[in-house]
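**Student:** Turn this into a model:
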Amino acid sequence: MNTLAQNLIDSVRAAILETDPPLTENWNKILEFAQKHDLDNFLAEIAPKIESLSAEEREAMYNLQMTSIIKDANQESEVDDIIRLFDERGINAVMLKGWYLKKLYPRRDLRTMGDTDIFIKESDQSAVHDILLCCEYKCNSTENKKDIAYTKLPFQTLEIHKNLFMYEDKWNDCFNMPDSPMYIWNRLVKLDGYGHIYRMDDELFFVYMIAHTAKHLLDDGGIGIRAFIDIWIYLRNKPDLDFDIVNRDLDKLNLRKFAENSISLSAFWFDNKPAATEIKEFGDYIIKCGVYGNSDFFVVNNEVMRDGKQRGKWGYAWKRAFPGMESMKVRYPKLEKKPWLLPVCYSKRLLYSTTHRRNTIKREINSAGNVDYDQAHRIREMYKNIGLQE
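**Tutor:** You can find the predicted model right below:
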């Protein structure tokens, strides 16, 4: 881990534990690096203790913090109104990820989130859709089997889930099947003041956190430092977590080894615990990812790690533009019953991508033309070492 990354890790720890910040003069570089992982608000938290900052820099950090607080307050108010309506209409809803994790941080706004994830029963989708439209939300999602996204200015995005994962059907079955010990509707804690609003029990929530982290690494090519802050914060707040139950559930997902390594990485970074070489390599990879991964690692994951093939720039572009039927069924569930609509769905996919994801696509294709296959091999080995691939 380089000095810049170490300083950022130390700054996050100082913000959470209310200790002195690290001794360094490179705060502008640290802030720039923190922004790539959406952690700049942690620097704003410790700014009053940083003697080397100028008055202008202190004011900028203060304004950043105030913006974060305002955004968080707006999100909280909007979500409270929505779930109150769900509750009044008798709609069972499970609050996921950041919404609950925020409550475990020293202050809510330290744990930023781009959207609020809510799990519901598929039979309630129509009623939820009507409620959100009445509350001036815009349905802003392409079809897929996982979720539907709704947005409302200035800050709010809701993802309404009928499945927790896009591609990992085995994992979805573990959470969705009534005969599974992980069946989500049997593993809930009702939220105070509500009759129909829940969160997962402590053990299942942790398992889902681990699976969600693994999903980003497997499907998106990376995830940022914040996921491991979440793990560290969660375990600090849940000292009585029953790891017999946790490990049983992780074994169902084949993620126990990955969970152990993720816990080790969070302890290495934030508790200064010793770590094996493979944990340090894992950490270096995460540091390079940015908050949601980066296009190079995404391409390596799609171009090499899934099937080992070397397609090159335009072969990759063709594969991304025209994925196979099974992949298209994930994005367009109607194809299960109406496979003849495949050309129409390809057209919709291309239209959406060229109008909403033009720059992302350009970065991907350029990355595909410069894949370092030696690096890809090292990443594949690293994934095996941490428990993400056989």
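**Student:** rest of the way, CA atoms for contacts and neighbours
**Tutor:** Noted.
**Student:** So for the residue in the chain sticking out farthest from the centre, what's the pLDDT?
**Tutor:** Ranked by distance from the centre of the chain (Cα atoms, centre = their mean), the top residue is residue 55, with 35.0 Å. Residue 55 carries a pLDDT value of 85.
**Student:** Over to residue 346?
**Tutor:** Taking residue 346 on its own, its pLDDT is 79.
**Student:** residue contacts, it?
**Tutor:** Residue 346 makes contact with 321, 322 under the criterion Cα atoms under 8 Å, 6 or more residues apart in numbering.
**Student:** What strand or helix carries it?
**Tutor:** helix 342-356 (DSSP states H and E).
**Student:** do the same with residue 61
**Tutor:** Per DSSP H and E: residue 61 is located in helix 55-88.
**Student:** Which neighbouring elements make contact with that helix?
**Tutor:** helix 40-46, helix 125-134, strand 156-161, strand 197-200 (3 or more Cα pairs under 8 Å, 6 or more residues apart in numbering; DSSP states H and E).
**Student:** helix or strand right after it?
**Tutor:** Taking DSSP H and E, what comes next after helix 55-88 is strand 93-95.
**Student:** what residues does that following strand touch?
**Tutor:** By Cα under 8 Å, 6+ apart, the residues outside strand 93-95 that reach it are 83, 86, 117, 118, 119, 120, 121, 196, 197, 198, 199, 200.
**Student:** and the nearest residue to residue 20 once chain neighbours are set aside, how many neighbours does it have?
**Tutor:** In space, and not counting its chain neighbours, residue 20 is closest to residue 14: 5.9 Å by Cα to Cα, 6 or more residues apart in numbering. Residue 14 is flanked by 19 other residues according to other Cα atoms under 10 Å.
**Student:** Pull out the buried residues from the helix or strand encompassing residue 14.
**Tutor:** Per DSSP H and E: residue 14 is located in helix 3-17. By 16 or more other Cα atoms under 10 Å, the buried positions in helix 3-17 come out as 4, 5, 7, 8, 9, 10, 11, 12, 13, 14, 15, 16.
**Student:** any chance of the residues you listed in JSON lines, plus pLDDT?
**Tutor:** Converted to JSON lines, the buried residues of helix 3-17 look like this (pLDDT from 0 to 100):
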{"residue": "4", "pLDDT": "87"}
{"residue": "5", "pLDDT": "89"}
{"residue": "7", "pLDDT": "90"}
{"residue": "8", "pLDDT": "92"}
{"residue": "9", "pLDDT": "93"}
{"residue": "10", "pLDDT": "93"}
{"residue": "11", "pLDDT": "92"}
{"residue": "12", "pLDDT": "93"}
{"residue": "13", "pLDDT": "94"}
{"residue": "14", "pLDDT": "93"}
{"residue": "15", "pLDDT": "93"}
{"residue": "16", "pLDDT": "94"}
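**Student:** The helix holding residue 14 packs against which elements?
**Tutor:** helix 27-36, helix 40-46, helix 256-270.
**Student:** Check these for me and report the most buried one.
**Tutor:** Of all the helices and strands packed on helix 3-17, helix 40-46 carries the top mean neighbour count, a mean of 23, counting by mean count of other Cα atoms under 10 Å.
**Student:** any idea how far it is from the chain center?
**Tutor:** Taking Cα atoms, centre = their mean, to the nearest Å, one finds helix 40-46 lying 21 Å from the centre of the chain it belongs to.
**Student:** Report all helices and strands that that helix contacts.
**Tutor:** By 3+ Cα pairs under 8 Å, 6+ apart, helix 40-46 packs against helix 3-17, helix 27-36, helix 55-88.
**Student:** Go again with 7 Å.
**Tutor:** Packing partners of helix 40-46 (3 or more Cα pairs under 7 Å, 6 or more residues apart in numbering; DSSP states H and E): helix 3-17, helix 55-88.
**Student:** Rebuild the ones you listed as TSV, extending it with distance to residue 159.
**Tutor:** TSV is the format used below for the helices and strands packed on helix 40-46 (distance: least, Cα to Cα, whole Å):
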stretch	distance to residue 159
helix 3-17	28
helix 55-88	12
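**Student:** Mind checking these for the one nearest to residue 106?
**Tutor:** Closest to residue 106 of those, according to Cα to Cα: helix 3-17, at 6.4 Å.
**Student:** quick one: contacts of that closest one?
**Tutor:** Contact with helix 3-17 is made by 20, 21, 22, 30, 34, 42, 43, 45, 46, 106, 269, 270, as judged by Cα atoms under 7 Å, 6 or more residues apart in numbering.
**Student:** now swap in stretch 201-211 and tell me
**Tutor:** With Cα under 7 Å, 6+ apart, stretch 201-211 has contacts from 187, 188, 189, 241, 242, 245, 246, 249, 250, 259.
**Student:** between those, which has the most around it?
**Tutor:** Counting neighbours by other Cα under 10 Å, the top entry in the contacts of stretch 201-211 is residue 259, with 25 neighbours.
**Student:** what residues are up against residue 188?
**Tutor:** Listed by Cα under 7 Å, 6+ apart, the contact set of residue 188 reads 198, 199, 200, 201.
**Student:** give me the number of residues near the residue nearest to residue 166 when sequence neighbours are not counted?
**Tutor:** Of all residues not flanking residue 166 in the chain, residue 146 sits nearest, at 5.2 Å (Cα to Cα, 6+ apart). Neighbour count for residue 146, taken as other Cα under 10 Å: 19.
**Student:** Could you verify my assumption that residue 146 touches residue 160?
**Tutor:** No - under the criterion of Cα atoms under 7 Å, residue 146 is not in contact with residue 160, lying 8.5 Å apart.
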